[in-house]
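>>> Structure of the sequence below:
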Amino acid sequence: MTKHYDYISIGGGSGGIASLNRAAMYGKKCAIIEASHLGGTCVNLGCVPKKVMW
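Numbering: from 1, shown residues only. The predicted structure follows:
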């Protein structure tokens, strides 16, 4: 069975979900590819600082 989509997001973090939401608002058929939980690291595990503040 073949499925066709207008917009596919690889990654279900905040950016991927936001972009899919916007595409869906414009009537596009959307899909998301995510290996783990939707929402990304900050939502599910807590944010990890990326830079050290001196």
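>>> buried ones in stretch 13-23?
For stretch 13-23, the neighbour count (16 or more other CB atoms under 10 Å) marks 13, 16-17, 20, 23 as buried. Using the backbone N, CA and C atoms, a C-beta is placed for each residue, glycine as well.
>>> Show me which of the residues you listed has the smallest pLDDT value.
On pLDDT alone, Gly13 ranks lowest of the buried residues of stretch 13-23, at 84.
>>> Not including adjacent chain positions, what is the nearest residue to it?
Spatial nearest neighbour of Gly13, chain neighbours left out: Gly40 (3.2 Å); criterion: CB to CB, 6 or more residues apart in numbering.
>>> now do Ile17
Per CB to CB, 6+ apart, closest to Ile17 is Leu38, 6.6 Å.
>>> and the one you found, that's in a helix?
No: according to DSSP: H, G, I helix; E, B strand; the rest coil, Leu38 belongs to no helix; its state is coil.
>>> Tell me how many other residues crowd Glu34.
Burial of Glu34 is recorded as 15 neighbouring residues (other CB atoms under 10 Å).
>>> for Gly11, same thing?
16.
>>> quick one: it and His37 touch, right?
No: in terms of CB atoms under 8 Å, Gly11 does not count as a neighbour of His37; the distance is 11.8 Å.
>>> so where do the strands sit in this structure?
For the chain, the strands defined by DSSP state E occupy 7-10, 30-33.
>>> hmm, back to that, please tell me I have it right and the residue nearest to Ile17 contacts Asn21.
No: assessed by CB under 8 Å, Leu38 is found out of contact with Asn21, at 12.0 Å.
>>> In the chain, which helix is the longest?
helix 14-25 (DSSP state H).
>>> can I get the CA coordinates of that helix in PDB?
Extracted in PDB, the C-alpha atoms of helix 14-25 (Å, rounded to 0.1, in the frame of the first residue of the first chain):
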ATOM      1  CA  SER A  14       9.200  21.200  18.800                       C
ATOM      2  CA  GLY A  15      10.300  22.500  15.300                       C
ATOM      3  CA  GLY A  16       9.100  19.400  13.400                       C
ATOM      4  CA  ILE A  17       5.700  19.500  15.100                       C
ATOM      5  CA  ALA A  18       5.300  23.300  14.600                       C
ATOM      6  CA  SER A  19       6.100  23.000  10.900                       C
ATOM      7  CA  LEU A  20       3.700  20.100  10.400                       C
ATOM      8  CA  ASN A  21       1.000  22.100  12.200                       C
ATOM      9  CA  ARG A  22       1.500  25.100   9.900                       C
ATOM     10  CA  ALA A  23       1.500  22.900   6.800                       C
ATOM     11  CA  ALA A  24      -1.800  21.200   8.000                       C
ATOM     12  CA  MET A  25      -3.300  24.600   8.500                       C
END
